[in-house]
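J.: How does the following fold in three dimensions:
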Amino acid sequence: MDNDEKGTDVSDTSQPTTGGFARRLPLIVIALVAAIGAFTLRDYLNFQTLADNREALLAFRDENFVLTVLAFVAAYFLVVAFSLPGASVMTLTGGFLFATFPGALFNVVAATLGAIAIFSAARLGLGDKLAKKMDSSSGLQKKIKDGIDENQWSMLFLIRLVPAVPFFAANLIPALLGVPLFRFAVTTFLGIIPGAVVFTSVGAGLGEVFDRGDTPDLGIIFEPAILLPILGLCALAALPIILKTVRGKKGL
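T.: Coordinates of the predicted model:
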């Protein structure tokens, strides 16, 4: 009896440990690759590298368009999925190689797929457990979780549209709050379109920028003509949250 009980206890404690590590393994791999990439790739995934190789890239694109598209989408996916440096360079490269359209489409698809990858890894490793813990909690923590759940669509669109929210954070936060994958994918795809179109259009003019020996102006998104429409979209996304808050206070 005692030996059986001890054996059962050992197996019960070992299985969750192994399973827990397996669930965290994708997130651990992403973290390791991101750390290595931050030191090894920052001197390669930059505008100077693009300028130095632009003729070769354009020639390869003209001879192998479909292969170039697939290779670009795969490379952009890896940059986002492993949080490697150079996401902005990749977005501009999409415009440089493929013009504003279909370059913006390729950028959005690649960034969305990469975001889904890191979201899935984070949710598998930490998100599900944390979400269940918050669901079973009480007090302020529970109120915060419930408030986010009631306005998930609006909140997800907001964090995608607001330029100040880092893309990496916008991928991890929903995973830690138990957001469904479909909802995350849809809001990511649609929410990053405005910014992607702006930066892709900048990339489409990189040839002239390189000819002048300049670097592209990434601060263009903060110019009034571009920022105000994006803020307008943010206001529309926030409107359901505001209405719910007002109705709740008035008891409507």
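J.: mind listing what's buried in stretch 202-220?
T.: Buried residues in stretch 202-220, counted by 16 or more other C-beta atoms under 10 Å: 202-204, 206, 209-210, 216. No exception for glycine: its C-beta is placed from N, CA and C like everyone else's.
J.: Out of these, which is nearest to Ile230?
T.: Closest approach to Ile230 among the buried residues of stretch 202-220 (C-beta to C-beta): Val202, at 14.8 Å.
J.: ok, which stretches of the stretch 101-250 of the chain are helices?
T.: 128-135, 140-150, 152-161, 167-176, 181-191, 193-204, 206-211, 224-250 (DSSP state H, counting those that start in this stretch).
J.: Which stretch among the ones you listed approaches Met90 most closely?
T.: Of the helices of the stretch 101-250 of the chain, nearest to Met90 by C-beta to C-beta is helix 193-204, at 9.3 Å.
J.: if we can go back for a sec, identify whichever of the helices of the stretch 101-250 of the chain lies nearest to Ile116.
T.: Nearest of those (C-beta to C-beta): helix 181-191, 5.6 Å.
J.: Centre-most residue in the chain?
T.: Centroid-nearest residue in the chain, with C-alpha atoms, centre = their mean: Ala115, separated by 3.9 Å.
J.: if we can go back for a sec, will you turn the helices of the stretch 101-250 of the chain into CSV that also has mean pLDDT and distance to Ala56?
T.: Putting these into CSV (pLDDT from 0 to 100; distance: least, C-beta to C-beta, whole Å) gives the following:
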stretch, mean pLDDT, distance to Ala56
helix 128-135, 59, 45
helix 140-150, 61, 47
helix 152-161, 87, 34
helix 167-176, 86, 28
helix 181-191, 94, 31
helix 193-204, 92, 17
helix 206-211, 82, 14
helix 224-250, 73, 32
